[in-house]
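Peer 1: Fold the following for me, if possible:
(chains A, B, C and D)
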4 protein chains.
Amino acid sequence: MGQVTVIRVGVLGAKGKVGRAICEAVEAAPDLELVAQVDAGDPIETFVDTRTQVVVDFTNPDVVMGNLEFLVANRIHAVVGTTGFDDTRLAQVQRWVTEQPGVGVLIAPNFAIGAVLSMRFAEQAARFFDSVEVIELHHPNKLDAPSGTAYRTAALIAAARAKAGRGPSPDATATELDGARGADVDGVRVHSVRLAGLVAHQEVLLGTQGETLTIRHDSIDRNSFAPGVLLGVREIGTRPGLTVGIDPLLDL
Amino acid sequence: MGQVTVIRVGVLGAKGKVGRAICEAVEAAPDLELVAQVDAGDPIETFVDTRTQVVVDFTNPDVVMGNLEFLVANRIHAVVGTTGFDDTRLAQVQRWVTEQPGVGVLIAPNFAIGAVLSMRFAEQAARFFDSVEVIELHHPNKLDAPSGTAYRTAALIAAARAKAGRGPSPDATATELDGARGADVDGVRVHSVRLAGLVAHQEVLLGTQGETLTIRHDSIDRNSFAPGVLLGVREIGTRPGLTVGIDPLLDL
Amino acid sequence: MGQVTVIRVGVLGAKGKVGRAICEAVEAAPDLELVAQVDAGDPIETFVDTRTQVVVDFTNPDVVMGNLEFLVANRIHAVVGTTGFDDTRLAQVQRWVTEQPGVGVLIAPNFAIGAVLSMRFAEQAARFFDSVEVIELHHPNKLDAPSGTAYRTAALIAAARAKAGRGPSPDATATELDGARGADVDGVRVHSVRLAGLVAHQEVLLGTQGETLTIRHDSIDRNSFAPGVLLGVREIGTRPGLTVGIDPLLDL
Amino acid sequence: MGQVTVIRVGVLGAKGKVGRAICEAVEAAPDLELVAQVDAGDPIETFVDTRTQVVVDFTNPDVVMGNLEFLVANRIHAVVGTTGFDDTRLAQVQRWVTEQPGVGVLIAPNFAIGAVLSMRFAEQAARFFDSVEVIELHHPNKLDAPSGTAYRTAALIAAARAKAGRGPSPDATATELDGARGADVDGVRVHSVRLAGLVAHQEVLLGTQGETLTIRHDSIDRNSFAPGVLLGVREIGTRPGLTVGIDPLLDL
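Peer 2: All right, here's what the predicted structure looks like:
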C-alpha cells in the first residue's frame, strides 16, 4: 500500500471512561499515533507543543466550547462526542471554522457506525416495501419505550414513505388485545422488548409480496463508539468546515 | 434397517384441499401405502374392503362423529384433524375406544410439529430465566392480534413461572408511548407484527444475566401439517385409546 | 394526492406463468391499467392499437430482440425480464434507443427489490467493519453451493473492502474441522445451509468492536419479482435510454 | 409466598474473578445469604463455624478434592464448577457422598442454563425434522472451529436421529465451492462464523415441509454462569448424592 502517513492524535478528557477507551483504540491503530493526553487541569497548549493534528474531545458541555475555540484557532482538527450542541453553539463553531479555512470539526451525537448505517438503510429502503415495522430490544433497566433511536428510525421511515407517496402499511387487525400492535410513531409500528441478557438491539422489518428485508443492529458494548471515532479522526483532515453527524463520512 | 412393515392408510375427505395434500404425502412415504380414498358420497365400507389400518380424517364437524363410530367399531385406527371436538364429543369417542381395546384415535387441533415443540420448549424453559417475552409475526390480513398460538404460548409460560414461584419479568419502563411494550397476557408481554411477505412466525425470547435463549418457529406453507399427520399415522397403532393433541407422540 | 395519471401497460408472454402473475399485479395496481396481453401467435401490433405506454416482456431469448426492435421503433417503453442479454445484445438495444430519444428500456436479471437492496447495502457497509461473512440458506434441492447471489454479494463486498484498503477479516482459527469456516470467495467467508422448509434466504453479517450489523433477505415466493417489475413500469417513462438492472431505479 | 427459608451460602475461591461474581450474585439474591468467603490461605473450617449449608467451589484441580472431602465429611452440600473431574475423581466423590446420606454434590462443566437447554431441546426435536444444521458464531480470537459446544450439539443430534432411524438430511448439492456446506460432524453440517463484535452464539436449525424451528443461544458475558450456579445452590439440598451436569436440575 506504499508509505502510510501516520496521523498525530490527541485526546481531551483522556482520563474519563470514554477517553481511556479512545486512547487505547488510538494506540492499537497502526496508522494513528497518540501524542497527547489532556484532562481537567492539564494545559491545552500541550496539543500545540506536540504538533497534534486531530484532537478527540469527549469532555463536557461546560468546557467543550473553550476547547474548540482554542483548537480551531491553532489549526487543529477536532472530533467531538461531547453533548449539548444546540443551534447557537453549532453556529458559533461554524463561524470559527469559517475564519480558519482548511480546519475541520466533526460533532456527532452517535458514533456507532452500525446504528447510523442501519437507520440510513431503513430510510432508503422504506419506500420500496408495502410494510415496515420496527422492533427494538433492550436490557430491562431502560426507562423509556420506545428507545430514542427507534423513535428517530421510525420518524425517518415515515418521512421517506410520505415523500414517496407511500400509504400506511396494510393491517387488517380487527380484534386487538390492548398494545399488541405496538406504538404508533408517525404511522410506523414500533415494538419495545425489555429482556435480561440484552444490551441494545434494533430490527427494522420491511416486507412486500413474497419477500422481506431485515436490517438488524446489535450493540453489546459501550465501546462501540470507538470505530466511529477513529473513522472521524482519519477523515476529518480532508473535510474542512463543520460536519454534524458521521453520516457524511459514510458516503452513502 | 431390516424388513419394514408397510402401514395401509386411508383418507377421509380425500378430495378436499387438505385431503389431497395428505394423499400426496402418504404416497411419497416409503413406509406407508395409500389403499383407499373416500370423499362425500363414497361408501365408508371401502376401508374395510381394503383392509385399511389407519384412516386420516380431515372432513367436517357434521360427519366426523359418524366416521369415527364406524372406524372404531371396525377396529381401524384414526388420525383426526377435523375441528369441533368439545368435551361431550371427546367423552363419546372415549366410550367407543374403551369398548374396542387396542384401537387408537388421535384428535389434534394442530399438527404442525414445530409449533407444538416450540410451545413446549418455551413452557419448559420459562422458569429458568428472569425475563420472557413473545413476538409473533404474521401476514397483514390476519384479523386478531395476538395470534391464538401466541396467546396460548404466553399463558403456558405464565403458568409455568407461577408454578415455580417466579415473579414477573423485570421492567423499569417509566415513560412509554402507548402500546410500545406490547400486550399483557397473564403478565407476559406479547408483540404482534403484521408485515407483507410473512406467513406465520413466532419467537419466544428468554433472558437472564449475560445470556438469552430464543425459540423461533416459521411456517411458510399450509402443508406444514403433513409431517405431523404422518407421525400420527405411524404412532397411533401402538397407542390404544384416545389421544388428544400430538404432544404425547413427541415423548418430551 | 391530486389527479393521478394512469399508465397504460401491456404484457408480452402474457400466458406464461410469470406473465400471468404480472397481469394480475398490474390489474391490482390503481395507477396502472392493463390494456393489452400478447402471447406467442398474437400480433404485436396490438400494443400500438391499444396505445400501450409500457410493455413488460418475460418471453424467451429467441423472440425478445424482435420484440424490442418493434417496441422502441413504435416509441413504447419496455421492462424486460427475459434472459440471455450479452454485451452484443445490449449494444444493439443501445443503438435502437439512441435513435429514438425519450424511449426507455429496462433490462434486469433480478427484479427482487429486497435482494438488490441487500446486496447494495452490504457493499456500502463492508468497508466500515472489521469482519464480514455471508450465510445463505436454501431448500435442499438446490444444486449449487454457494448460491449465485451469495457469490456475487461476497465478490461485491470483497471489491469494496479492497478499494477502501481494508485487510481481511480477523480470524485466529488454528484448528479447523474441514469446511467449518465455509467457502472463501475473494477472502470473504460464505456458508451455505440446505434445509427442508426453507426457500431462499441470505444474511450478511458485519462486525466491529462491540457491535454488529446484519442485513437479511428472505424470499418465500417466486412472485417476489412483481413489486420490482411494477417499479420499473412506473419509472421507465422518465428514464430514457437503456437501463441495466433495477439498481439505478432505487436511487441509492 | 409465605415465609422463605434463607439458604446459608459459602464461596471457595472467593477472591478469584469467578468467585467474586458468585459472591455478588449470592448477595443480590433475597433467598440466599453469603455467610463465608474462603480463598487460598484461609481456614476451610470457617464453613463449619458459620454453619454454611451450601458451598460453591470455583477453585482449581489441585485443591478441589481436598475441599470436597472436608465439605462432605462435615455434611455441607457443594456446587462445583472447578474443572478436571475424570472418572476416577467422580468415583471418589461418589464414595464420599455414599458414606454421608443426605449430602448433595453437584459437579458441572457448564453452568450456562441457556446453553444446556438449547442442546437438550435440539436433541429432543432432532428426530421430527427432515433436516438439521448447526451454525455457531464466535469472536474472531477463537482458536478452534467448530466450537466444543457445537461439536457436542451436533453429536447429540446425530445420535438422536440414528436412534429414531432417521436418515441424513436431504442435500442435492452437485457443485460446491470447497467448504461452502460446512463441516460434517457425524452427518450433521456445522458452520462456524468468526466475527468481530460477537461473543458466543449458536443456532440449531431444524426443518421439514413448510416449517422450520430455530433454537438460538446468545451468550454475551462471562457471568452467564451465575444463574446456573444459583439454581444449583437452591436445588442441591434436596438432591442427595452426586449429580453431574445441571441437566437433571432442569427436569426436562
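
Peer 1: tell me which element the residue of the stretch 1-150 of chain A found nearest chain D is part of?
Peer 2: Closest approach between the stretch 1-150 of chain A and chain D, counting by C-beta to the nearest C-beta: A:G114, at 8.1 Å. Using the backbone N, CA and C atoms, a C-beta is placed for each residue, glycine as well. When elements are defined using DSSP states H and E, A:G114 is found to belong to helix A:113-125.

Peer 1: Look up how far A:I76 lies from the residue in chain A positioned nearest to chain D.
Peer 2: Using C-beta to the nearest C-beta, A:I220 is the residue of chain A that sits closest to chain D, at 4.8 Å. The spacing between A:I220 and A:I76, counted by C-beta to C-beta, to the nearest Å, is 34 Å.

Peer 1: A:G232 too?
Peer 2: Taken as C-beta to C-beta, the span from A:G232 to A:I76 is 14 Å.

Peer 1: can you check A:V116 too?
Peer 2: 25 Å.

Peer 1: And A:E99, by the same measure?
Peer 2: Distance check for A:E99 against A:I76: by C-beta to C-beta, it reads 14 Å.

Peer 1: Helix or strand for the nearest residue to A:A36 once chain neighbours are set aside, just tell me which one.
Peer 2: Spatial nearest neighbour of A:A36, chain neighbours left out: A:G10 (3.8 Å); criterion: C-beta to C-beta, 6 or more residues apart in numbering or on different chains. Taking DSSP H and E as the criterion, the element that holds A:G10 is strand A:7-12.

Peer 1: just checking, what packs against that strand?
Peer 2: Contact here means 3 or more C-beta pairs under 8 Å, 6 or more residues apart in numbering or on different chains; DSSP states H and E; on that basis strand A:7-12 packs against helix A:17-28, strand A:32-38, strand A:54-57, helix A:226-235.

Peer 1: How far away from the center of its chain is it?
Peer 2: For strand A:7-12, the separation from the chain centroid amounts to 20 Å (computed by C-alpha atoms, centre = their mean, to the nearest Å).

Peer 1: Report the strands that pair with it, each with its relative direction.
Peer 2: Under the criterion DSSP bridges, strand A:7-12 sits next to strand A:32-38 (parallel), strand A:54-57 (parallel) in its sheet.

Peer 1: follow-up on the earlier one: put together JSON lines for the helices and strands packed on strand A:7-12, with mean pLDDT on each row.
Peer 2: Supplementary listing: those in JSON lines, determined by pLDDT from 0 to 100:
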{"stretch": "helix A:17-28", "mean pLDDT": "94"}
{"stretch": "strand A:32-38", "mean pLDDT": "97"}
{"stretch": "strand A:54-57", "mean pLDDT": "98"}
{"stretch": "helix A:226-235", "mean pLDDT": "95"}
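
Peer 1: Could I get the full set of strands for the stretch 151-252 of chain A?
Peer 2: Remark: strands assigned in the stretch 151-252 of chain A by DSSP state E, counting those that start in this stretch are A:175-176, A:183-185, A:188-194, A:200-208, A:211-219, A:241-244.

Peer 1: Could you identify which of these is most buried?
Peer 2: Taking mean count of other C-beta atoms under 10 Å in any protein chain shown as the contact definition, the stretch among those with the greatest mean neighbour count is strand A:188-194, which reaches a mean of 27.

Peer 1: model confidence over that strand, on average?
Peer 2: Averaging pLDDT along strand A:188-194 gives 98.

Peer 1: Residue of the stretch 1-150 of chain A closest to chain C, please.
Peer 2: Counting by C-beta to the nearest C-beta, the stretch 1-150 of chain A gets nearest to chain C through A:G114 (4.1 Å).

Peer 1: Show the contacting residues for that residue.
Peer 2: The contact partners of A:G114, taken as C-beta atoms under 8 Å, 6 or more residues apart in numbering or on different chains, are A:H217, A:D218, A:S219, A:S224, C:F129, C:L206, C:T208, C:E211, C:T212, C:L213.

Peer 1: List the residues that contact the fourth one.
Peer 2: If you count contacts by C-beta under 8 Å, 6+ apart, A:S224 has them with A:A112, A:G114, C:T208, C:Q209, C:G210, C:E211, D:G197.

Peer 1: give me that answer again for 6 Å
Peer 2: Contact analysis of A:S224 by C-beta atoms under 6 Å, 6 or more residues apart in numbering or on different chains lists A:A112, C:G210, C:E211.

Peer 1: Appreciated, that's everything.
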